[in-house]
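**Q** build me a model from this:
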Amino acid sequence: MSSEFSPQALKEFLGEAEEIIESLHLDLVKIGGCSANNKIDPELINSIFRGAHSLKGLAGMFGFQDVSELAHYMEDLLDNFRLGKVPLSDELIETIFASLECLTLLVQGKSEDETFSIDVTPVIERIDAVLSGESKSELNIFEQYNIDSSILNVLTEYEEHRLHENLTKSNNLFRVEVAFDLSNFDQGLAEISEVLKQAGEIISTLPCVGELTDRISFQLLLGTSIPVEDVNDLIGNDSIKVEAIVSAVNSQEATVQSVTVASDDMLDIDESELLTPVQSQVDSASIRSISRTVRVDIDKLDELMNIVGELVLSKGIFVNIAEKLKATGRDDVATSIQKATRELERKLDDLQKGVMEVRMVPISQLFDKMLRIVRQVAKAQGKKVALDIQGADTELDKLIVEDLSDPLQHIIRNAIDHGIETPEERKSLGKPEQATICLWASQKGNHVVIEIKDDGKGIDPELIRAKAIKKKLINADAELSRADVYDLVFLSGFSTRDEVSELSGRGVGMDVVKNNISALSGMIEIDSEVGKGTNIAITLPITLAIIKALIVKVADITYAVPINSVLETLMIEESSIRTIENKEVIELRQNTLPLLRLAEVFDLRDEVEQGSRCFVAVVGLAEKKIGMVVDDLLGQQDVVIKSLGSTLSFVQGISGAADLGNQKTILVLDVGGLMSEALRGDSNVHV
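**A** This next block holds a predicted model:
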């Protein structure tokens, strides 16, 4: 196995391989119950073929050549079966079952030892015997009828198979030659095709070389059970030539000879010799599953999480009831309820933690997929790129990992397309011909930071500025800091490419990336150095389901701030606030902390009454910090975040809504989005 893949990725592969094999077994049992005269559902055959194809691809990607090779031969056999080139027979079913049993043994062995292997040659030989036996039958049947090679040479594989099927059924084979005016040949060809379909099957339609310049001729190969006279009567046009290639009498004779040849070939196969080396191991193999994991639909986990959230809210109601009882003098009852509530709270915490752990998956599920993206894009660009993965065992919520897939893929494609130089350019610059893209993940508190670094040409601030001015995204006299210039990359319609290619130049990309990251309550930052490379950092919360939140009050409106973003809370005097470059700041432990007044962000100025003191919630993501100025801090509470839906997806600064359990719904602040806008100098979000 390649060392590129983590143990967790290997475990995922083995689990998925086992599921594919089990699914193949179930489908094969259904086919095995059919006789040669039954009509098998084509989708069932296609399902088995797709399963073998997926298994081959997975095994090849993880470096298991024996599994990949056997799955490849199975795929060939199943492909011939679904095309009808191999008939349904006991030998076919037993061969596929033997292949599946061998694959099961391989996958079970590799779950214990990656180097485990067995000799798959006997099973492959048995597959080859089934394939070669049928191919000889087809060859002989064509030779028996003395089919003109000029016809066979122009047929596709599927058309050749249909020809064989018609001959096997003892059908007549006619060549119908027709000619049409160039002006309406398509209409004429469609009409004659509809007529011939009433007689049988049109195996092939091919244009013919003719001497007339204003007409075009076609040759249609027709398989039918009716005689040539009936075909002519059906056409009703003496100018259309119908030539008999094979008659029904010859078909019957040749079919008998063909079947005899196939049977004789199959009698030469010694099944015991083919299966003995493997079968003894297969028979002793356990039929128990390899993994102890159960795959669960994420929607079911969401439903379970919602139920847990409702229980958390119900617990809050009991707390309120106990407080009210205590206020009325019923201390004994209130004490009993409080005691029961504390026990319930402990159990709920354990339940909540358990549900959260079920939703958590290693980010290696996403990182390992990027290996293929890097190889494909680098090859298409003619560049040499290696991917350095670190921290792949860091865990995130399953939904976050899924939604992060497209943004991460776009960033990596951009890095290769825009940032990485060609091997010749890198060599001339004194760099290694092979570039390196680092994909690192680490957990910092309740957040995960993903860094995508490359050692390419970097981002030229002057080029970015010039492009933004040219596209009229900013004014020519705009004063921008280095960070502001990099933020221009996230503007809609921005692209540094003048020409449109498969990867870039459309002006659609990084703005969508930022919106997707913001939708996950995350934050994305760019840092770059010309000639040295670029670093893009994405900071995300570990989960977006049930969270602890700091409940704050602004102008008589209540909001929730995710507690995993809150570093500390302060009460300050209004007189301690200073203004620097039109931005309010305070000094916090000899550092300058920018302030963001939520009343101004949400346009609540008319309802704000300035006092001598105010509260500040210091929030931070990565290395960035700001202070959110609020009127009051109401305490902490567990909340279940609900999406605002697509109708309100345009609202900035809000990540969702939450029910406090007292029949009151509040908005949950998007800390990452608010910080991005505030640090860029745009604090007027306006919902």
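
**Q** how near is Leu234 to Lys169?
**A** 20 Å (CB to CB, to the nearest Å). All C-beta spots, glycine's among them, are computed from the backbone N, C-alpha and C.

**Q** what's the answer for Glu177, then?
**A** Here the distance between Glu177 and Lys169 works out to 24 Å (CB to CB).

**Q** helix or strand: which one has the residue lying closest to Glu201 once chain neighbours are set aside?
**A** If you skip the residues right next to it in sequence, Glu201 has Gly223 as its closest partner in space, 4.7 Å away by CB to CB, 6 or more residues apart in numbering. Taking DSSP states H and E as the criterion, the element that holds Gly223 is strand 215-224.

**Q** now that strand: buried residues?
**A** Of the residues in strand 215-224, those buried by neighbour count under the rule 16 or more other CB atoms under 10 Å are 216-224.

**Q** helix or strand next in line after that strand, which one?
**A** Reading on from strand 215-224 to the C-terminus, the next helix or strand found by DSSP H and E is helix 228-235.

**Q** show me how far that following helix is from its chain's centre.
**A** For helix 228-235, the distance from its own C-alpha centre to the chain's C-alpha centre is 55 Å (CA atoms, centre = their mean, to the nearest Å).

**Q** helices or strands up against that helix?
**A** Helices and strands touching helix 228-235, as assessed by 3 or more CB pairs under 8 Å, 6 or more residues apart in numbering; DSSP states H and E, comprise strand 172-181, helix 185-197, strand 241-246.

**Q** let me know the average pLDDT across it.
**A** Helix 228-235 shows an average pLDDT of 82 in the prediction.

**Q** just stretch 674-687 next, same as before
**A** Averaging pLDDT along stretch 674-687 gives 59.

**Q** kindly report the same for stretch 381-388.
**A** Stretch 381-388 shows an average pLDDT of 90 in the prediction.

**Q** ok, and for it, which residues are buried?
**A** Within stretch 381-388, the residues that count as buried by 16+ other CB under 10 Å are 381, 383-385, 387.

**Q** list the buried residues in whichever strand or helix holds Ser314.
**A** Assessed by DSSP H and E, Ser314 sits inside helix 298-327. By neighbour count, and taking 16+ other CB under 10 Å as the criterion, the buried residues in helix 298-327 are 301, 304-305, 308-309, 312-313, 315-316, 318-319, 322, 325-326.

**Q** again with stretch 620-631
**A** Neighbour-count burial for stretch 620-631, counted by 16+ other CB under 10 Å, picks out 620-622, 624-631.

**Q** list the ones among those residues that fall in strands.
**A** Using DSSP state E, the members of those that fall in strands are 620-621, 624-630.

**Q** and of these, the nearest to Ser183?
**A** Distance from Ser183 was checked for each of those by CB to CB. The minimum falls on Leu621, at 69.2 Å.

**Q** would you confirm that Val639 belongs to a helix?
**A** No - if the criterion is DSSP: H, G, I helix; E, B strand; the rest coil, then Val639 is strand and not within a helix.

**Q** neighbours around it, how many?
**A** Here the neighbour count serves as a burial measure; for Val639 (other CB atoms under 10 Å) it reads 26.

**Q** ok, what's across the strand from it?
**A** Beta bridges link Val639 to Ile547 when assigned by DSSP bridges.

**Q** that one is in contact with Leu550, isn't it?
**A** No - between Val639 and Leu550 there is no contact under CB atoms under 8 Å: 10.2 Å.

**Q** roughly how far apart are Thr341 and Ser89?
**A** Distance of Thr341 to Ser89, computed by CB to CB: 69 Å.

**Q** burial count for Thr543?
**A** Thr543 has 20 neighbouring residues, counting by other CB under 10 Å.

**Q** okay, now the closest residue to it other than its chain neighbours: neighbour count?
**A** In space, not counting the residues next to it along the chain, Thr543 is nearest to Asp397; the distance is 4.2 Å by CB to CB, 6+ apart. When counting by other CB under 10 Å, one arrives at 23 neighbours for Asp397.

**Q** now swap in Phe97 and tell me
**A** Using other CB under 10 Å as the criterion, the residues surrounding Phe97 number 16.

**Q** pLDDT on the helix or strand hosting it, on average?
**A** Assessed by DSSP H and E, Phe97 sits inside helix 90-112. Looking at helix 90-112 alone, the average pLDDT works out to 79.

**Q** ok so, going back, quick one: which of the helices and strands packed on helix 228-235 is nearest Lys470?
**A** Lys470 lies closest, by CB to CB, to one member of the helices and strands packed on helix 228-235: helix 185-197, at 48.7 Å.

**Q** now for that closest one, which elements pack on it?
**A** For helix 185-197, the packing partners by 3+ CB pairs under 8 Å, 6+ apart are strand 172-181, strand 200-208, strand 215-224, helix 228-235.

**Q** mind putting those into JSON lines with distance to Arg413?
**A** What follows is these, written out as JSON lines (distance: least, CB to CB, whole Å):
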{"stretch": "strand 172-181", "distance to Arg413": "49"}
{"stretch": "strand 200-208", "distance to Arg413": "43"}
{"stretch": "strand 215-224", "distance to Arg413": "46"}
{"stretch": "helix 228-235", "distance to Arg413": "57"}
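
**Q** who wins for proximity to Phe62 among those?
**A** When the helices and strands packed on helix 185-197 are compared by CB to CB, strand 200-208 sits nearest Phe62, at 42.1 Å.

**Q** strand partners (parallel or antiparallel) of the closest one?
**A** Using DSSP bridges, the strands paired with strand 200-208 are strand 215-224 (antiparallel).
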